[in-house]
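A.B. asks: sequence first, then the predicted structure:
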Amino acid sequence: MNRYLISSALAALAIAMPVAAQAQQIPPAVVVVVDRDRIASTCTQCVVASNQLNAQAQAYQARETQLATPLRAEGAAIQAAISALPQGGQPDAALQQRIQTFQTNSQAADRELTVAQQTIRRNQQHLVNQIIERMNPLIQQVTRERGANLALDQASTLAINPAIDVTAAVLALMNQNAAAFQTVAPPPPAQPAAQQPAPQPNRPRPQGR
């Protein structure tokens, strides 16, 4: 799985430890720091799922090559046939049909690859969401256990004292969960069909005077 994808997705989500609303003065911040990107890239089930997504990406690349190779050869052959026409000459019926078939096959390949790309991106985001859902409660747990009331992502800090880095503790808890992450996202919800406007009843036209 693309490391940047996980980093950008994690950076967009806050992990501040919630503090119960109280009327008295807010207590001073006690901070811990966690490297969520490292956890998402190295936890046992994260690695397994990442390898599965990599296999999906490799299958896509192989399919892309399978589709593109004959199309590229056919496109070059058609171009050569067009170039061989006498000046001002027009393709005959057979060449026109060949061109039409080439265009149809090219469009079908584009549609197939577009759908495949969207599926892979949806699967990647689905995995990121699952990792975050599993990780954030563990961050809150470790934050409480260390007596802190605020957790910051290492990516948002400039300098870190190793004494307040709880990444290893959160990673250990992540690895205790042997449940596999899903790398096939649910299908997107079906788009509702466009509703046709209701027919208007015929109204009698006013008679002219």
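C.D. replies: Right, received. Where do you want to start?
A.B. asks: which SSE is immediately downstream of the helix or strand of the chain with the lowest mean pLDDT?
C.D. replies: Ranking every helix and strand in the chain by mean pLDDT, DSSP states H and E puts helix 3-11 at the bottom, with a mean of 53. Per DSSP states H and E, helix 3-11 leads on to strand 31-34 as the next helix or strand towards the C-terminus.
A.B. asks: need the contact partners of that following strand.
C.D. replies: 15, 139, 142-143, 146, 148, 150-154, 157, 160, 164-167, 170 (Cβ atoms under 8 Å, 6 or more residues apart in numbering). Any C-beta I mention is one placed from the backbone N, CA and C, and that applies to glycine too.
A.B. asks: what ranges do the helices span in the chain?
C.D. replies: Counting by DSSP state H, the chain has helices at residues 3-11, 36-42, 44-83, 93-145, 167-176.
A.B. asks: pLDDT on the third one, on average?
C.D. replies: If I follow you right, that is helix 44-83. Mean per-residue pLDDT for helix 44-83: 96.
A.B. asks: one more: the last one?
C.D. replies: In this model, helix 167-176 has a mean pLDDT of 97.
A.B. asks: pull out the buried residues from it.
C.D. replies: Within helix 167-176, the residues scored as buried using 16 or more other Cβ atoms under 10 Å are Thr167, Ala169, Val170, Leu171, Leu173, Met174.
A.B. asks: cool, thanks, talk later.
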